[in-house]
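Enquirer: What follows is a predicted structure for the sequence shown.
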Amino acid sequence: MFKKFVKAYGKKLWHNIKLFLKWTIISIIVGLVVGGFSTLFAFCMNAATDFREKNDYIIYFLPLAGILTVFLYSIFKYKNDKGTNLVISTIHAQSEIPFKMAPLIFISTILTHLFGGSAGREGAALQLGGSIGSQLGKLFRLDDVDKRVVIMCGMSAAFAAVFGTPMAAAVFSMEVVSIGVMYYAALVPCVFSSLIASYFATNFGIRGENFNFIEFPSLDILSAFEIVCLAAICAAVSVIFCILLHTTGDLFRKYLKNPYIRIFLAGSAVVILTFALNTHDYNGAGIPVVTKALQGEAVPYAFILKMIFTAITIEAGFRGGEIVPSFFIGATLGCTFGNIIGFSPSVCAAVGLIALFCGVTNCPVTSILISFELFGAGGIPYFMIAVAVSYFLSGYYGLYHDQTIVYSKYKAKYLNRKARQ
C-alpha cells in the first residue's frame with residue numbers, strides 16, 4: 001500500500017516538475033523578449049515626451065499625426081482595432097491577436113505622445129506584450145489553453161518593464177480578465193516573466209515610478225471616515241470616466257463616420273483646448289502633474305479636464321492607454337479633496353490615485369499591490385479601505401468591454417456578463 005502511494009505520488013510529482021520546468025523556460029523567454037521590446041518602447045516614449053516638452057510648437061501637428069495613425073492602420077488593413085479589449089477577448093478564446101498589432105501600437109502610441117495627445121502608455125504596453133506573447137505561443141506550438149497563459153505572461157512582462165511594478169503586473173493580467181475569478185494557472189509564468197522583464201528594463205536604465213516621499217499618519221476613526229468618503233467619490237468619478245469614454249466614442253462614430261475627419265477634428269480640438277487653457281499639463285500621460293498632486297498641489301478642476309482631454313484623444317482613434325490618465329484623475333481629485341476638508345492633500349492624492357484605478361479596472365488585488373510598490377507599506381491601511389470601498393461602489397462599469405464579470409461583487413452569485421460601458 002505504501003509503495004503504491006509513493007509510486008503514485010512520485011509520478012504526479014515528476015509531472016508537476018516537468019510542467020514547472022516548461023513554464024519556467026517559457027516565462028524566461030517571454031520575459032526577455034517582451035522585456036526587450038518594452039524597454040525599447042519605454043526609451044522611445046521617454047524621448048518623445050522629452051522632445052515635446054522642450055518644443056511646445058509640435059502640438060500644432062497633432063491633427064496630422066492623427067491622420068498618419070489612421071493611414072498606418074488602413075495600409076495594414078487593420079481597421080477593427082479593439083485595443084486592450086482584443087487582448088482580453090483573446091484570453092477568453094473569442095478572437096486572435098494579429099502580430100501586426102505590435103508594430104502598429106508601438107508606432108502609433110509614440111506618435112500620440114510626441115505630438116501631445118492625452119493618453120497613457122500602460123494600455124499600449126499591455127497590447128504590445130499580449131501581441132508578442134501570442135506569437136511566441138504559436139512559435140512554441142502550444143495549444144489554445146497554454147497560449148492564453150503566454151498572452152498573460154506577455155501582458156505582465158510589458159506592464160512590469162514599462163511601469164516598474166512587477167508584483168502588480170504579475171497579478172493584473174490574471175485579475176483583469178474576469179471579475180471574481182483569478183487565472184491561478186498563470187501565476188508562476190506571470191510572476192517569473194514580470195520579474196525578468198522588470199529586471200531587464202531596470203538594468204537598461206528604465207526606472208519605474210516611486211512616490212515613497214509621502215508620510216502616512218496613524219489611521220484613526222476620523223481619518224478612516226474621510227478615506228471612505230474619498231473612495232466613494234473616486235468610485236463615482238470612475239463610473240463617470242468610463243461612461244464619458246464610451247459615450248464620446250459612440251458619438252464620434254455616429255456623427256463623424258470618416259476616421260480621417262474624426263481624428264483630424266479631435267486632434268484640432270485638443271490643440272485648441274491646450275492653448276485656450278494656456279497649459280500643456282493635459283498633454284501626454286501627465287506624470288509631472290501626478291507628482292505635483294502627490295506633493296499637495298493640484299488645480300481643483302484638473303481631473304475634469306483630464307477626463308475630457310483623454311476621452312477626445314483615445315476615442316477619436318489616437319493610440320495609448322487609460323491607466324495613467326486614471327492615475328492623473330485620481331491623484332488630482334484626491335489632492336483637491338484633501339485641501340477642501342483639511343486632511344493631508346498628499347495622502348488623499350495617493351489614496352485617490354489607487355481608488356480610481358481600482359474603480360476603472362475592477363482589480364482590487366492589483367490595486368493593493370501597486371499601492372505598496374508605489375508608496376511603500378506605510379499607507380496600506382488607507383489603501384485597503386479605499387480599494388474595498390471603490391471596488392464595491394463602482395458597480396460593474398469598467399474600461400474594458402470584454403472584461404467578464406463571472407461572480408457578483410455583492411453576493412456569492414454567478415453572473416457571467418460583460419462590464420458596463
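Expert: Right, received. Where do you want to start? Residues are numbered from 1 along each chain as shown.
Enquirer: so how far is residue 47 from residue 391?
Expert: Here the distance between residue 391 and residue 47 works out to 37 Å (CB to CB, to the nearest Å). Heads up, the C-betas are built off the backbone N, CA and C, glycines and all.
Enquirer: scratch that, residue 272
Expert: Residue 272 sits at a distance of 27 Å from residue 47 (criterion: CB to CB).
Enquirer: Then residue 315?
Expert: Applying CB to CB, one obtains 26 Å for the distance of residue 315 from residue 47.
Enquirer: among the helices and strands of the protein, which has the poorest mean pLDDT?
Expert: Lowest by mean pLDDT, DSSP states H and E among the helices and strands of the chain is helix 84-91, with a mean of 60.
Enquirer: before we move on, the earlier item: which of residue 391 and residue 47 has more neighbours?
Expert: Each of residue 391 and residue 47 had its neighbours counted (other CB atoms under 10 Å), and the higher figure belongs to residue 391 (22 against 13).
Enquirer: nearest residue to that one other than its sequence neighbours?
Expert: Using CB to CB, 6 or more residues apart in numbering and skipping the chain neighbours, the partner closest in space to residue 391 is residue 364 (4.6 Å).
Enquirer: what does residue 356 give?
Expert: Counting by CB to CB, 6+ apart, the residue nearest residue 356 is residue 330, at 3.0 Å.
Enquirer: So what's the residue count around that neighbour?
Expert: Residue 330 sits with 34 neighbouring residues when counted by other CB under 10 Å.
Enquirer: ok, it touching residue 233?
Expert: No. Between residue 330 and residue 233 no contact is recorded; they are 10.1 Å apart, counting by CB atoms under 8 Å.
Enquirer: Residue 117: what's it in contact with?
Expert: Under the criterion of CB atoms under 8 Å, 6 or more residues apart in numbering, the neighbours of residue 117 are 62, 65, 66, 267, 270, 283, 284, 313, 318, 320.
Enquirer: go with 7 Å
Expert: 62, 270, 313, 318, 320 (CB atoms under 7 Å, 6 or more residues apart in numbering).
Enquirer: Show me what the mean pLDDT comes to for stretch 184-200.
Expert: Mean pLDDT, stretch 184-200: 94.
Enquirer: what comes up buried for it?
Expert: 185-200 (16 or more other CB atoms under 10 Å).
Enquirer: again with stretch 337-344
Expert: Using 16+ other CB under 10 Å as the burial criterion, the residues of stretch 337-344 that qualify are 337, 338, 339, 343, 344.
Enquirer: thinking again about what came up before, of the buried residues of stretch 184-200, which is the nearest to residue 73?
Expert: residue 197 (26.8 Å; CB to CB).
Enquirer: Tell me where the stretch 101-250 of the chain has helices.
Expert: 101-114, 122-139, 144-163, 166-175, 187-203, 221-255 (DSSP state H, counting those that start in this stretch).
Enquirer: and those as CSV, adding distance to residue 410?
Expert: Converted to CSV, these look like this (distance: least, CB to CB, whole Å):
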stretch, distance to residue 410
helix 101-114, 36
helix 122-139, 28
helix 144-163, 27
helix 166-175, 18
helix 187-203, 27
helix 221-255, 14
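Enquirer: hey, least reliable of those by pLDDT?
Expert: Averaging pLDDT over each of the helices of the stretch 101-250 of the chain puts helix 122-139 lowest, since it has a mean of 85.
Enquirer: Which parts of that one count as buried, going by neighbours?
Expert: Within helix 122-139, the residues that qualify as buried are 122-137, counting by 16+ other CB under 10 Å.
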